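In: coords below, sequence missing:
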């Protein structure tokens, strides 16, 4: 079994980006600029956005964090998005989810300029991805593809099973793995909560990508010997033996599955760091696109 080390790989990517940014600055040009809107005080969102700010600093990007209270109206939020859409100094931006229940996330997604949609969630970005055209690919699926590529995992002709059909991970993941690319060229099956023979399908997978949001859902009896296992999930599990009273677990039971597979991502330290690195890659791409248009 070989560990697909997302932490190590993401640091390599950030070093590559930092070198490009140094060249940009040496040429007298401004650095790429990523902005984020954070609504409310959700702890997980706060941590995630703060990490993105630190990532920007590490690679030499400019960053802006816009904090809004839980009580912000939908129209007020839309006003902030409009400002970012029209700010020539901002190359890309994200609106951190989840949002308060009184705000329509679909309306928010649709309001973001596709040229600045570094999260890759807009219909334009998703449509271009489906057609194999240049675009921003959502950060988590893109991070998984980058990890497979850098570890030279053979995907061509393999049976890839994606567990979970979210529009953020599962669905785009299934499309990317089936495209005529490397990684890619896999035969893909997408399973979800209504799939009747999920266990049987999982056992047939050469590559299993799990993004279902259920801690340690996939156990060794669902794994084909020698399979490649990508664990996208991360959940807090109560653990009295830990100082904080909990531990972080993925959707895969790492202890048992790691004894049976050929490659596996750890949690934490697998897909998560790759997601953050992918956002930086998309921001640099957005900067490059704006330079070409200037």
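Out: Arrived safely. This structure is a prediction, so every number in the text was calculated from the model and none was measured. Residues are numbered from 1 along each chain as shown.
In: Can you classify residue 108 as helix, strand or coil?
Out: Three-state call for residue 108 (DSSP: H, G, I helix; E, B strand; the rest coil): helix.
In: tally of neighbours for it?
Out: By other Cβ atoms under 10 Å, 19 other residues sit near residue 108. Every C-beta, even on glycine, is put in place using the N, C-alpha and C of the backbone.
In: Tell me where the stretch 101-250 of the chain has helices.
Out: 105-111, 123-130, 139-150, 170-178, 198-203 (DSSP state H, counting those that start in this stretch).
In: Return the distance of the first one from the chain's centre.
Out: From the chain centre to the centre of helix 105-111 is a distance of 19 Å (Cα atoms, centre = their mean, to the nearest Å).
In: try the third one
Out: Distance of helix 139-150 from the chain centroid (Cα atoms, centre = their mean) equals 8 Å.
In: Between helix 170-178 and it, find me the angle.
Out: Relative orientation of helix 139-150 versus helix 170-178 (axes from the mean of the first three to the mean of the last three Cα atoms, to 10 degrees): 30 degrees.
In: What is helix 139-150 packed up against?
Out: Under the contact definition 3 or more Cβ pairs under 8 Å, 6 or more residues apart in numbering; DSSP states H and E, helix 139-150 sits against helix 6-26, helix 170-178, strand 228-231, helix 271-293.
In: The second one too?
Out: In terms of contacts (3+ Cβ pairs under 8 Å, 6+ apart), helix 123-130 is packed against helix 170-178.
In: how about the helices and strands packed on helix 139-150 in CSV, adding mean pLDDT, distance to residue 32 and mean neighbour count?
Out: Below are the helices and strands packed on helix 139-150 laid out as CSV (pLDDT from 0 to 100; distance: least, Cβ to Cβ, whole Å; neighbours: other Cβ atoms under 10 Å):
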stretch, mean pLDDT, distance to residue 32, mean neighbour count
helix 6-26, 98, 7, 16
helix 170-178, 98, 23, 23
strand 228-231, 98, 28, 26
helix 271-293, 96, 4, 21
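In: for these, which one sits closest to residue 113?
Out: helix 271-293 (10.0 Å; Cβ to Cβ).
In: Would you double-check that residue 64 falls in a strand?
Out: Yes. Counting by three-state DSSP, residue 64 is part of a strand.
In: Wait, it touches residue 33, no?
Out: Yes. Assessed by Cβ atoms under 8 Å, residue 64 is found in contact with residue 33 at 7.1 Å.
In: ok, the two, which is more surrounded?
Out: Legend: neighbour count by other Cβ under 10 Å for residue 64 and residue 33, higher for residue 33 (21 against 16).
In: Neighbours of residue 92, how many?
Out: Neighbour count of residue 92, defined by other Cβ under 10 Å: 29.
In: if we can go back for a sec, and for residue 64 and residue 33, which residues touch both?
Out: Listed contacts common to residue 64 and residue 33 are residue 90; contacts here mean Cβ atoms under 8 Å, 6 or more residues apart in numbering.
In: OK, contacts around residue 10?
Out: Residues near residue 10 by Cβ under 8 Å, 6+ apart: 143, 273-274, 276-277.
In: which one of those is nearest residue 84?
Out: residue 276 (20.0 Å).
In: what packs against the helix or strand of the chain with the lowest mean pLDDT?
Out: In the chain, the helix or strand scored least confidently by mean pLDDT, DSSP states H and E is strand 235-238, which has a mean of 88. The contact analysis (3+ Cβ pairs under 8 Å, 6+ apart) places strand 235-238 against strand 246-249.
In: distance of the residue lying closest to residue 137 once chain neighbours are set aside from residue 19?
Out: Distance criterion Cβ to Cβ, 6 or more residues apart in numbering; nearest residue to residue 137, sequence neighbours excluded, is residue 120 at 5.1 Å. Between residue 120 and residue 19 the computed distance is 24 Å (Cβ to Cβ, to the nearest Å).
In: wait, isn't residue 135 in contact with residue 128?
Out: Yes. Counting by Cβ under 8 Å, residue 135 touches residue 128, with 3.6 Å between them.
In: more crowded one of those two?
Out: Just comparing residue 135 and residue 128: by other Cβ under 10 Å the higher neighbour count belongs to residue 135, 20 against 17.
In: following the helix or strand hosting residue 76, which helix or strand shows up next?
Out: Here residue 76 sits within helix 74-85, counting by DSSP states H and E. Using DSSP H and E, the helix or strand that directly follows helix 74-85 along the chain is strand 92-95.
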